[in-house]
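Trainee: pasting the structure only:
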């Protein structure tokens, strides 16, 4: 039970930890993207004022190269680009941010590069002459950010895993120890946490019910024993494996048997006659059987009639003229003329 609780707590803890980490990464990425867009908007507005006042002369080598700056005419022709040769660049009239700026005065867009695993954010602002000034900046995708921070994240996850294991083990012990300490004979006297009170009440109720049932079973057993012991008929109950389940004294007397020495002893230990065995087999098969079991008295104990007959026949064979006479109802008699 402790291991199961430990695994459950550990699984939940790690799941929450991983989900929180992914959520934080997603939120931070969205936050940084918004900050990049705001920064582009400010820098584009600043550069636009310079271009409005000084034209192409403002777009000199003094501008920082950290962000890409592109000046596009109203027909989409690239007038200036600080990263590429504008003469080799195609028409930009179909670009999303350019179209939006021409229509609304400003526009933004972002495009993802599968090759570089980077996302480029664009911000465009329409000037008074109808041309558009665009700036752009590049940042990494969410997964690229995770890969870049893989080593510190892995270390943090390892430390969190070790801490989660320690906490899960401690919590599991705190939950299980009071349960293991419950005294089933006196549940009400056990010291546990409040959440186990309904369980203790249920155990106490079941214990009282079991005690009542045990007293009732004992009373019925005593009544059954008293009835069977006062019967003159033999009473014997066995199972399908011929093990003795219950009996009365009369059956021992009728079978000339001793009290079974072992619990669950085979019924064949009470009587080994072929007739008795046949009756047992018939009864186990669900059929009725009647058999007369004959015993003869030899002065000390009862013996099987068949065994005595075999012994007498052997004696007659050895003593050819032995005057041994069979007396019906009595046994055998030495005849003396």
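Mentor: Nice, I can see it. Computed from a prediction, not measured in an experiment: that's the story for all the values here. Residues are numbered from 1 along each chain as shown.
Trainee: correct me, but residue 124 touches residue 134?
Mentor: Yes: contact status for residue 124 versus residue 134: in contact at 4.2 Å, counting by CB atoms under 8 Å. In short, each C-beta sits where N, CA and C put it, glycine included.
Trainee: Show me the domain layout of the protein.
Mentor: If you go by automatic domain parsing, the domain ranges for the chain are 2-150, 294-337.
Trainee: In terms of mean pLDDT, which of those domains ranks lowest?
Mentor: Comparing mean pLDDT across the domains of the chain, the weakest is domain 294-337, with a mean of 60.
Trainee: helices or strands next to the one helix or strand residue 109 maps to in the packing?
Mentor: Using DSSP states H and E, residue 109 maps to strand 106-113. If you count contacts as 3 or more CB pairs under 8 Å, 6 or more residues apart in numbering; DSSP states H and E, strand 106-113 packs onto helix 2-54, helix 96-104, strand 118-126.
Trainee: and if we set it to 6 Å?
Mentor: helix 96-104, strand 118-126 (3 or more CB pairs under 6 Å, 6 or more residues apart in numbering; DSSP states H and E).
Trainee: Out of these, which is closest to residue 68?
Mentor: Distances from residue 68 to each of the helices and strands packed on strand 106-113 were compared using CB to CB; the shortest belongs to strand 118-126, at 8.4 Å.
Trainee: Pull out the buried residues from that closest one.
Mentor: Applying a neighbour-count criterion of 16 or more other CB atoms under 10 Å, one finds 119, 121, 122, 123, 124, 125, 126 buried in strand 118-126.
Trainee: now do stretch 210-228
Mentor: For stretch 210-228, burial by neighbour count (16+ other CB under 10 Å) applies to residue 228.
Trainee: Now that stretch: average pLDDT?
Mentor: Mean pLDDT, computed over stretch 210-228, is 86.
Trainee: Which parts of the protein are helices?
Mentor: Here the chain has its helices, by DSSP state H, at 2-54, 96-104, 142-148, 150-180, 197-229, 249-254, 274-284, 305-318.
Trainee: So which of those is the most surrounded?
Mentor: helix 96-104 (a mean of 18; mean count of other CB atoms under 10 Å).
Trainee: what does that helix contact?
Mentor: 72, 92, 107, 108, 109, 122, 124, 126, 132 (CB atoms under 6 Å, 6 or more residues apart in numbering).
Trainee: Now for the fifth one: which residues touch it?
Mentor: By CB under 6 Å, 6+ apart, the residues touching residue 109 are 96, 97, 122.
Trainee: any idea how far residue 136 is from the second one?
Mentor: Okay, so that is residue 97. When CB to CB, to the nearest Å is applied, the distance between residue 97 and residue 136 equals 9 Å.
Trainee: again with residue 210
Mentor: Noted for residue 210: a distance of 80 Å to residue 136, by CB to CB.
Trainee: Could you do residue 242 as well?
Mentor: Separation of residue 242 from residue 136 (CB to CB): 95 Å.
Trainee: higher neighbour count, the two?
Mentor: In this comparison of residue 242 against residue 136, neighbours counted by other CB atoms under 10 Å, the higher total goes to residue 136 at 22 against 16.
Trainee: what's near enough to touch the more buried one?
Mentor: Contacts for residue 136 (CB under 6 Å, 6+ apart) come out as 68, 120, 122.
Trainee: Is the first one in contact with residue 83, as I believe?
Mentor: Which is residue 68. Yes: in this structure, residue 68 sits in contact with residue 83. The criterion is CB atoms under 6 Å, and the distance is 4.9 Å.
Trainee: who's more crowded, those two?
Mentor: In terms of neighbours (other CB under 10 Å), residue 68 is the more surrounded of residue 68 and residue 83; the figures are 16 against 11.
Trainee: Residue 65 is in contact with residue 135, correct?
Mentor: No: taking contacts as CB under 6 Å, residue 135 lies outside contact range of residue 65: 12.0 Å.
Trainee: anything in contact with each of these two?
Mentor: Counting by CB under 6 Å, 6+ apart, no residue touches both residue 135 and residue 65.
Trainee: hmm, back to that, so can I have JSON lines of the contacts of residue 109 showing distance to residue 24?
Mentor: Formatted as JSON lines, the contacts of residue 109 follow (distance: CB to CB, whole Å):
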{"residue": "96", "distance to residue 24": "30"}
{"residue": "97", "distance to residue 24": "29"}
{"residue": "122", "distance to residue 24": "27"}
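Trainee: Among the residues you listed, which one sits closest to residue 26?
Mentor: Nearest to residue 26 among these, with distances taken as CB to CB, is residue 122, at 22.0 Å.
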